[in-house]
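# Need the 3D shape of this:
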Amino acid sequence: MTRVGAGPTEQAWIATANQDPGAGDHRVPSGYDALFTWHYDKGAQAGLDRLYEKAKLSMWNAKDLPWDTEVDPEVVAVANRESMRSAGLEPDLSGTAFSSWNDDDWLRLGVEQQRWMLSQFLHGEQGALLCTARIVETAPGIDAKYYGATQVMDEARHIEVFSRYLDTKLGGAYPVNPHLRDLLDDIIADRRWDMTYLGMQIMVEGLALAAFGLMHTTTTEPLLKEILRRVMADEARHVAFGVLALKDAYAQMSASELEERAEFAYEAAVRMRDRLQSQEVWQRLGVPVAQAIELINLSPERQLFQQLLFAKIVPNCAKLGLLDANSGWLRERFTDLGVIAFEHTTDTPEEQEAFAVAGYQDERCYFDCSSSKSAGQRHQPGMNLSK
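Sure, this is the predicted structure:
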């Protein structure tokens, strides 16, 4: 996959870690219009109404998880490394500074990277909580407000479980990474309701699904695996919500408005791909920036994560019509990055179910969402999916 931003700029990104880990609050100025609607006819937006009904039935309580499960972070780190090795995802470190690392060095890195990743999940979920509360205030239509309210509850629950897992099983959380914080700030600071959807529901939630999916596949820790399974089911509904809410709105936007959305989607995707690099871990372990970059660039696991990230984002941008807006500007950018092939990636079973519940159907998809039974069936090119 083609990389952008290597060299001095990349070194600056890797060197940027949170320098104020003790800060308790973070304020983001924002001015936006809260929107009342006096039309309470439930079901006017049928897809959102079905997602709302599904969300109400899918609520779960964090207290019901098996919190008495014993978790040894070092055992988990060893198991994760074995899983990566078995999958052929261990890098060749011959001739690098890391070739001299012993098992204890790798063990510490594994423990700290697990803590760091779950910590960024935690902080990202708070960003989603704030954004979804904003969506309830600003989104047009009572069905969007109803569904948005269920997502607020989902995000609160996700914060609860990740915070508890980090505190009781891993010894506490890392601070928010500055690059993630800056992206969340940009999303929250924008006063336009659809940019909140695009930034959070499509981009950040897409990142979350990619990261959750990779960790769920590789971890052998049963409590974390169950947490991720439940959270992924919720997140799939959230992405479907974003696609449904934005598709009609974007169909009515001008070329200049769509251009701005496409540019934002591209910039957010590249920022998430290139800048979230465990900076606080390298700082804690005393690893020089140049060495950290070397290991990151050699890591097959990192490359797999980047692929999974775009496998979520590119198809959803296609569903929204952003790929081909303005003479295909975003399509060209994703082609230059070597990720346009993900346009027709089949959604996960959780995503398929969410789109099926909502009745979403699009001729650009390679699956039929008209029913949950057929949601995962692939179609041959040329078939009419609009029937």
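
# all contacts plus neighbour counts: C-alpha atoms, from now on.
Will do.

# what's around residue 63, how many residues?
Applying other Cα atoms under 10 Å, we find 10 residues neighbouring residue 63.

# Need the three-state assignment for it.
Three-state assignment for residue 63 (DSSP: H, G, I helix; E, B strand; the rest coil): helix.

# ok, now residue 321?
Assignment for residue 321 (three-state DSSP): coil.

# Provide a list of residues in contact with it.
247, 250, 251 (Cα atoms under 8 Å, 6 or more residues apart in numbering).

# Look up how far residue 143 lies from residue 229.
Distance, residue 229 to residue 143, using Cα to Cα, to the nearest Å: 27 Å.

# Between these two, tell me which one has more neighbours.
residue 143 (25 against 15).

# Counting neighbours, what do you get for the residue nearest to residue 99 when sequence neighbours are not counted?
Leaving out its chain neighbours, the residue that sits closest to residue 99 by Cα to Cα, 6 or more residues apart in numbering is residue 93, at 5.4 Å. Residue 93 is flanked by 15 other residues according to other Cα under 10 Å.

# before we move on, what about residue 131?
Residue 131: 24 surrounding residues under other Cα under 10 Å.

# what do you get for residue 238?
30.

# any idea which helix or strand carries it?
Element membership for residue 238, per DSSP states H and E: helix 222-251.

# helices or strands up against the next helix-or-strand element following that helix?
Per DSSP H and E, the first helix or strand lying C-terminal to helix 222-251 is helix 255-275. If you count contacts as 3 or more Cα pairs under 8 Å, 6 or more residues apart in numbering; DSSP states H and E, helix 255-275 packs onto helix 8-15, helix 178-189, helix 300-319, helix 325-336.

# Who wins on neighbours among the contacts of residue 321?
residue 250 (18 neighbours).

# Contact partners for it?
Contacts of residue 250 (Cα under 8 Å, 6+ apart): 258, 320, 321.

# pLDDT wise, what is the last one at?
Think residue 321. You'll see residue 321 listed with a pLDDT of 91.

# follow-up on the earlier one: nearest to residue 103 among the helices and strands packed on helix 255-275 would be which one?
helix 300-319 (18.7 Å; Cα to Cα).

# Give the buried residues for that closest one.
For helix 300-319, the neighbour count (16 or more other Cα atoms under 10 Å) marks 300-303, 305-319 as buried.

# Okay, angle between the helix or strand hosting residue 159 and helix 222-251 too, please.
Assessed by DSSP H and E, residue 159 sits inside helix 142-169. Helix 142-169 and helix 222-251 meet at an angle of 150 degrees, taking axes from the mean of the first three to the mean of the last three Cα atoms, to 10 degrees as the criterion.

# Mind checking the pLDDT average for helix 142-169?
On average, the pLDDT along helix 142-169 is 97.

# Can you mark which positions in that helix are buried?
142-152, 154-155, 157-166, 169.

# Strands along the stretch 1-150 of the chain, start to end?
Under the criterion DSSP state E, counting those that start in this stretch, the stretch 1-150 of the chain carries no strands.

# which residue ranges form the helices in it?
8-15, 46-57, 73-86, 103-138, 142-169 (DSSP state H, counting those that start in this stretch).

# could you dump those helices to TSV with distance to residue 346?
Shown next, in TSV, are the helices of the stretch 1-150 of the chain (distance: least, Cα to Cα, whole Å):
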stretch	distance to residue 346
helix 8-15	32
helix 46-57	20
helix 73-86	24
helix 103-138	24
helix 142-169	24
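
# Worst mean pLDDT among the ones you listed?
Comparing mean pLDDT over the helices of the stretch 1-150 of the chain, the weakest stretch is helix 8-15, at a mean of 54.

# Just give me the neighbour total for the nearest residue to residue 33 once chain neighbours are set aside.
Counting by Cα to Cα, 6+ apart, residue 138 is the residue found nearest to residue 33 once chain neighbours are left out, at 6.5 Å. By other Cα under 10 Å, 21 other residues sit near residue 138.

# Would you check that residue 138 makes contact with residue 31?
No: the pair residue 138 / residue 31 is not scored as a contact, 11.4 Å apart, by Cα atoms under 8 Å.

# ok, the closest residue to residue 315 other than its chain neighbours - contacts?
Once flanking residues are discounted, residue 315 sits nearest to residue 343: 4.5 Å by Cα to Cα, 6+ apart. With contact taken as Cα under 8 Å, 6+ apart, residue 343 is in contact with 311, 314, 315, 318.

# Helix, strand, or coil at residue 277?
Following three-state DSSP, residue 277 is assigned to coil.

# picking up where we left off before, per-residue confidence at the residue nearest to residue 315?
We note a pLDDT of 90 for residue 343 in this prediction.

# Residue 30 versus that one, what's the distance?
Separation of residue 343 from residue 30 (Cα to Cα): 34 Å.

# residues near residue 106, how many?
Neighbours of residue 106 (other Cα under 10 Å): 15.

# Relative to residue 290, how far out is it?
Separation of residue 106 from residue 290 (Cα to Cα): 18 Å.

# For residue 30, give me the backbone phi and psi.
Main-chain torsions, residue 30, degrees, to the nearest 10: phi -160, psi 140.

# Residue 92 too?
Torsion angles at residue 92 (phi, psi; degrees, to the nearest 10) stand at phi -90, psi 110.

# what's near enough to touch the closest residue to it other than its chain neighbours?
Once flanking residues are discounted, residue 92 sits nearest to residue 298: 7.3 Å by Cα to Cα, 6+ apart. When contacts are counted by Cα under 8 Å, 6+ apart, residue 298 touches 91, 92, 93.

# What's the separation between residue 303 and residue 273?
10 Å.

# thinking again about what came up before, would you convert the contacts of residue 298 into JSON lines that also reports distance to residue 38?
Output for these, formatted as JSON lines (distance: Cα to Cα, whole Å):
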{"residue": "91", "distance to residue 38": "58"}
{"residue": "92", "distance to residue 38": "62"}
{"residue": "93", "distance to residue 38": "63"}
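
# Nearest to residue 25 among the residues you listed?
Distance to residue 25 across those (Cα to Cα) is lowest for residue 91, with 38.6 Å.
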